[in-house]
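> test case, fold it:
(chains A and B)
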Protein chains: 2
Amino acid sequence: MDETIAVVGAGLIGRAWAVVFARAGFAVRLQDTDAEALARSEAAVAETLADLEQAGLCGKPERILRLITRHAELETALEGVTYVQECGPEDVGLKRRLFSALEAAASSDAILASSTSGITATDFAGHLDRPERCLVAHPVNPPSLVPLVEVVPGARTGSDCVARTLALMRRVGQVPIHVRKEIEGFVLNRLQGALLTEALRLYRDGYVSAEDLDRTVRDGLGRRWSFMGPFETIDLNAPGGVVDYARRYGPLYTAIDRQRHDTPPWQPEVLERLAVELRAVRPAGALEKRRAWRDRRLMALSVHLGDAASESET
Amino acid sequence: MDETIAVVGAGLIGRAWAVVFARAGFAVRLQDTDAEALARSEAAVAETLADLEQAGLCGKPERILRLITRHAELETALEGVTYVQECGPEDVGLKRRLFSALEAAASSDAILASSTSGITATDFAGHLDRPERCLVAHPVNPPSLVPLVEVVPGARTGSDCVARTLALMRRVGQVPIHVRKEIEGFVLNRLQGALLTEALRLYRDGYVSAEDLDRTVRDGLGRRWSFMGPFETIDLNAPGGVVDYARRYGPLYTAIDRQRHDTPPWQPEVLERLAVELRAVRPAGALEKRRAWRDRRLMALSVHLGDAASESET
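Numbers count the residues shown, from 1 in each chain, chains lettered A, B, ... in the order given. Modelled structure (predicted):
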């Protein structure tokens, strides 16, 4: 591939994006003004690639590592690239200044995409001369293990920029969705937030323990959701499909939705109580090890889902 | 095992419960006054067991099938059993009459559990002489493929009855949770409803296509949720655990929760539009085949999750 990608910011997300693009064969320029972060990224990327190779999820790490170069200067990093994935801090003022610098340094046909989970393209790029080539490409953390990417245009983003970003994401093996209009939390965090807020209410009000709440999703709802979405799930769960399902369960869900108008449960005292319960199962010192376990499970699940998809769709 | 279980009602759910208890080694009396349903259940159970054996999820079908006997009369079905799993229609009047008959026919120490997803034990057993031995044991459909069971006591259910039901469910390989107080939709459907209602709002308001909505869960949120619950997920997603996570995302989720006070989206015109979009991908004639595909995927996932749990927790 002769296209080159720039990843701006060498923190956790930036490093994972570098892995995503390089394992798909793209030359990657990883840029950070923080020399230490840049230096640290080398070993971190190598470790991620070794884990992925062991799980059977990428080719030889040496070949992939050679595709990633490191840069302190924005100007050299962006020279001739066709796509920039910005991974800076979540601060609107900082992002606006950073996008001004990206606009100045990037060639005129380059797409400027932000990994932000909370700032809209209208906000971080509205002041630019050419906002039509700017948009959000929000990954799940880390994108090297979870394929979904939310592609969210701003009010002035061009449709060509959206189409090219969706195509690039598919080409590197991610699963992009097109969020058609800007909305707080985009789609993924709104869905996660709806479930979490109800979960926290049920916990706060004494209906269920934290562990039983987790079991409900892990050993119940989450199974089907790992290979079908929620709409396909309910479409298959009534003889006549989704309309039939809504006839049976719509009134219940509407009633529950109407009950949900009390104080939102994201209150410090609720969280402190939840933390005590979670720490009893996993002490603070065990979290790091558990994160490594999670990443191994995600890799094993990727392999399983790939194998199952190719075998059992007949 | 010398305990015998009665399953009352030989429909989809009753048949799956018979498989769950018999594959764990219990003698099962499957009862239905509908002779045709009872006759049909024989082939259906055999087919389920053949599929499970092929996936490596149960032993020899012949041995398991021999543990299941069929009965038209409630009195003979319940004689000497220690646990009754009721799987009748979702109608409160019917259920009250059925539980009166169960109380009359069952021995005095037998637990009387209902598979209902929507009627509380207080409602269906409040009128009995001994409501303390009645409760809800609500499975995910089908319990032979998805292990979660919600154990929900009524106002007058005894704590011994809850403890025995939880223990029995664990013994047969299900994953029970204890819902401490009755609430509409219990825990699982409230969580599912919260996510579905937000999903339907985003779809109705034009933010996302049905297919992209499904992708968001399948290729994003659902991956971690198939082996961790939502609380464990957020506990690992911020350096300082769940309290740290809530500091970062609680304000966003609270804001989203407050926006959720418009008309609930479970309206016929929204569902009709969604159905058109879903039918374009899977015509009505393809749903049955897709359900068989879903069940194969659930079995393959069970095998994967079992293997991964034993291998990668170090």
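> is it true that A:Pro265 touches A:Arg201?
Yes. Under the criterion of C-beta atoms under 8 Å, A:Pro265 is in contact with A:Arg201, at a separation of 4.7 Å. Using the backbone N, CA and C atoms, a C-beta is placed for each residue, glycine as well.
> can you tell me if stretch A:153-161 touches chain B.
No. Stretch A:153-161 lies out of reach of chain B by C-beta under 8 Å from any C-beta of the partner chain, never closer than 11.8 Å.
> gap between that stretch and the chain center?
Between the centre of stretch A:153-161 and the centre of its chain there are 20 Å (C-alpha atoms, centre = their mean, to the nearest Å).
> and it, what's buried?
A:153-154, A:156-158, A:161 (16 or more other C-beta atoms under 10 Å in any protein chain shown).
> mind checking which of those are in strands?
Among these, the members falling in strands are A:Pro153 (criterion: DSSP state E).
> so which residue of the stretch 1-150 of chain A comes closest to chain B?
Proximity of the stretch 1-150 of chain A to chain B (C-beta to the nearest C-beta) peaks at A:Leu148, 3.3 Å away.
> give me every residue that touches the most centrally placed residue in chain A.
Nearest to the mean C-alpha position of chain A, by C-alpha atoms, centre = their mean, lies A:Val140 at 1.5 Å. By C-beta atoms under 8 Å, 6 or more residues apart in numbering or on different chains, the contact set of A:Val140 is A:146-149, A:188, B:220-221.
> look up how far A:Val92 lies from A:His71.
Counting by C-beta to C-beta, to the nearest Å, the separation of A:His71 from A:Val92 is 25 Å.
> all helices for the stretch 1-150 of chain A, in order.
A:12-23, A:35-54, A:61-65, A:74-78, A:92-105, A:121-125 (DSSP state H, counting those that start in this stretch).
> and A:Val303, which of the three is it?
Of the three states, A:Val303 takes helix according to DSSP: H, G, I helix; E, B strand; the rest coil.
> quick check: it touching A:Leu52?
No. Counting by C-beta under 8 Å, A:Val303 does not reach A:Leu52; the two are 10.4 Å apart.
> show the contacting residues for A:Ile111.
A:82-84, A:133-135, A:161, A:164-165, A:168.
> one more: A:Asp235?
A:241-242, A:245, B:278, B:282, B:287.
> of those residues, just say which sits nearest to B:Val45.
Compare each of the contacts of A:Asp235 with B:Val45 using C-beta to C-beta and the shortest gap goes to B:Leu287, at 22.7 Å.
> number of nearby residues for the closest one?
17 (other C-beta atoms under 10 Å in any protein chain shown).
> what's the answer for the one 3 residues further on, then?
If you count neighbours by other C-beta under 10 Å, B:Arg290 ends up with 16.
> and the residue nearest to A:His178 when sequence neighbours are not counted, bridged to which residues?
Using C-beta to C-beta, 6 or more residues apart in numbering or on different chains and skipping residues adjacent in sequence, the residue nearest A:His178 is A:Val151, 5.5 Å away. Applying DSSP bridges to A:Val151 yields these beta-bridge partners: A:Ala137, A:His178.
> so A:Val151 touches A:Pro139, yeah?
No. In this structure, A:Val151 is not within contact of A:Pro139 by C-beta under 8 Å, at 10.5 Å.
> which residues are in contact with each of those two?
Applying C-beta under 8 Å, 6+ apart, one finds that no residue jointly contacts A:Val151 and A:Pro139.
> could you dump stretch A:134-150 to PDB, C-alpha only?
Presented in PDB, the C-alpha positions along stretch A:134-150 are these (Å, rounded to 0.1, in the frame of the first residue of the first chain):
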ATOM      1  CA  CYS A 134     -12.800  17.000   9.400                       C
ATOM      2  CA  LEU A 135     -14.900  14.400  11.400                       C
ATOM      3  CA  VAL A 136     -14.900  12.100  14.400                       C
ATOM      4  CA  ALA A 137     -13.700   8.500  14.100                       C
ATOM      5  CA  HIS A 138     -14.300   7.300  17.600                       C
ATOM      6  CA  PRO A 139     -12.900   3.900  18.500                       C
ATOM      7  CA  VAL A 140     -13.700   1.500  21.300                       C
ATOM      8  CA  ASN A 141     -10.600   1.200  23.600                       C
ATOM      9  CA  PRO A 142      -8.400  -0.400  22.400                       C
ATOM     10  CA  PRO A 143      -9.300  -0.400  18.600                       C
ATOM     11  CA  SER A 144      -6.700  -3.100  18.100                       C
ATOM     12  CA  LEU A 145      -9.000  -5.500  20.000                       C
ATOM     13  CA  VAL A 146     -12.500  -4.200  19.500                       C
ATOM     14  CA  PRO A 147     -13.400  -3.400  15.800                       C
ATOM     15  CA  LEU A 148     -16.300  -0.900  16.200                       C
ATOM     16  CA  VAL A 149     -15.600   2.700  15.100                       C
ATOM     17  CA  GLU A 150     -18.200   5.500  15.100                       C
END
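> any buried residues in it, and which?
Applying a neighbour-count criterion of 16+ other C-beta under 10 Å, the buried positions in stretch A:134-150 are A:134-140, A:142-150.
> would you point out the most distant pair within those residues?
Within those, two members stand farthest from each other by C-beta to C-beta: A:Cys134 and A:Leu145, at 26.7 Å.
> just to revisit the earlier point, so can I have JSON lines of the contacts of A:Ile111 showing distance to A:Gln31 and pLDDT?
Shown next, in JSON lines, are the contacts of A:Ile111 (distance: C-beta to C-beta, whole Å; pLDDT from 0 to 100):
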{"residue": "A:Thr82", "distance to A:Gln31": "15", "pLDDT": "97"}
{"residue": "A:Tyr83", "distance to A:Gln31": "13", "pLDDT": "98"}
{"residue": "A:Val84", "distance to A:Gln31": "9", "pLDDT": "98"}
{"residue": "A:Arg133", "distance to A:Gln31": "18", "pLDDT": "98"}
{"residue": "A:Cys134", "distance to A:Gln31": "17", "pLDDT": "98"}
{"residue": "A:Leu135", "distance to A:Gln31": "19", "pLDDT": "98"}
{"residue": "A:Cys161", "distance to A:Gln31": "21", "pLDDT": "98"}
{"residue": "A:Arg164", "distance to A:Gln31": "21", "pLDDT": "98"}
{"residue": "A:Thr165", "distance to A:Gln31": "19", "pLDDT": "98"}
{"residue": "A:Leu168", "distance to A:Gln31": "18", "pLDDT": "98"}
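> all set now, cheers.
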